[in-house]
Every structure is written in structure tokens, then in C-alpha cells.
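**Q** turn this into a model:
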Amino acid sequence: MVTGMSLPTPTLHTARLLLRPFTQADTDAIFALHSSPYVLRYWDAPPWKTREQAERFIEVCRQFEQEGTGARLAIERAADGVFIGWCGLFRWNPDYRSAKMGYCLDDSAWGQGFATEAAGAVLQWAFDTLDLNRVQSEADTRNTASGRVLEKLGFVREGTLREACIVNGEVSDSWVYGLLRREWK
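**A** Reported below is the predicted structural model:
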């Protein structure tokens, strides 16, 4: 859905993170993240093979902003400025006051609360600035760590999309999670 209005990508700060718009300087880092078979083992697309895919990702971030359909933010550790992943909203629908949320972090950043912290900042922006009523997210049913992140944030598992994806010939199910404005802390 194209909203007809731009959606400026914000810069958000947390205790340990800086979330900011992507730039061309992020091309190598986003390629490294999305070309890792280990990081993407539960992803709904195969690992990237070419740097051009990273360039396209950054271009799509700009398109989201220009079309008003979402915002993807690069995540850096505030302490050292190292890129550790991204978090964002997509399919923003101002009429329904809803959007979907996704994130992807480098395995070196797993298990430290960074995904919860980054997604929490994006959710705060979504509910406060965009006045959303609902945010939805999905996680591969094998990715219990991502499910825990969403549940820590207050998401409720609402159902299972059976055989939702086939990646590298492997069929997988996805859990659907929803978070309503009134449930947000």
C-alpha cells in the first residue's frame, strides 16, 4: 500500500543503541549480515549472493520512506558505532493504524537484549509518533529466540501460518504475533 505521504525515517537512541536511517556506507555491513547462512537459517529468503542485493536493500529503504510505507533503521552499538543489524516497520497503513515489524541482528549480537531494546524503541516511535493501534510480526516456529523477544515486548502469539515459507527446499511454519496499543507498556 502506498500512503501518498512520505514517512521520514527517524533516528532513535536507547541506552546502548543508535537506530538511524541506512546510508550507502552500510552496504558492506548489510551484505555481510544477509549473506550469512547461519543468521538467515530461519529467514523467509535465502542468503544473499551479491553485493548488489545489499545496494537494492538500501534503495528499498529509501522507497519505503518516499512512499510512506515503512521505515528500516540500521542498528549500531552506541559504545563503538559497530553495525549489528536492523529493525523496521513495513506495510504501514495510517487508515488502519497498523504496520508489520521485522528485525535481523548479527549472531555476535544475539542473547544480549539488543533485539528487544531496538524493537522496543521502534515500537515506542510507532505508537507515540505514528499513532498505531496494532503492530504485527512473524517468526519461524523454529526460531524460539525471536518468539521470546516478541513476547518480552508484549506481543501475543495469535496463530500459526502453516507451511508459510519454503527456503532452500525446506518447508516451515510461521507464528503470527500481534501487539495492540492498549497492551504496550
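
**Q** quick one: contacts for the residue located most distally from the centre of the chain?
**A** The C-alpha centroid of the chain is most remote from residue 169, which lies 24.2 Å away (C-alpha atoms, centre = their mean). Residues near residue 169 by C-beta atoms under 8 Å, 6 or more residues apart in numbering: none. Glycine gets a C-beta too; all of them are placed from N, C-alpha and C.

**Q** packing partners of the lengthiest helix in the chain?
**A** Longest helix in the chain by number of residues (criterion: DSSP state H): helix 51-67. Judged by 3 or more C-beta pairs under 8 Å, 6 or more residues apart in numbering; DSSP states H and E, helix 51-67 is in contact with helix 27-34, strand 71-77, strand 83-93.

**Q** quick one: mean pLDDT over it.
**A** For helix 51-67, the mean per-residue pLDDT is 95.

**Q** just how off-centre is that helix within its chain?
**A** 14 Å (C-alpha atoms, centre = their mean, to the nearest Å).

**Q** list the buried residues in stretch 176-185.
**A** Neighbour-count burial for stretch 176-185, counted by 16 or more other C-beta atoms under 10 Å, picks out 176-179, 184.

**Q** could you do stretch 158-175 as well?
**A** The neighbour-count check on stretch 158-175 (16+ other C-beta under 10 Å) flags 164-165, 167, 172, 174-175 as buried.

**Q** tell me the span between the first and last residue of it.
**A** Stretch 158-175 has its terminal residues 8 Å apart, counting by C-alpha to C-alpha, to the nearest Å.

**Q** so how far is that stretch off the chain centroid?
**A** The answer for stretch 158-175 is 18 Å, by C-alpha atoms, centre = their mean.

**Q** low-scoring stretches of this structure, by residue?
**A** Residue ranges of the chain with pLDDT under 70: 1-4.

**Q** now do stretch 77-89: distance to the chain's middle.
**A** Here stretch 77-89 is found 12 Å from its chain centre; the criterion is C-alpha atoms, centre = their mean.

**Q** which positions within it qualify as buried?
**A** Across stretch 77-89, burial judged by 16+ other C-beta under 10 Å covers 83-89.

**Q** rewinding a little: mind putting the buried residues of stretch 176-185 into CSV with secondary structure?
**A** Output for those, formatted as CSV (DSSP: H, G, I helix; E, B strand; the rest coil):
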residue, secondary structure
176, strand
177, strand
178, strand
179, strand
184, coil
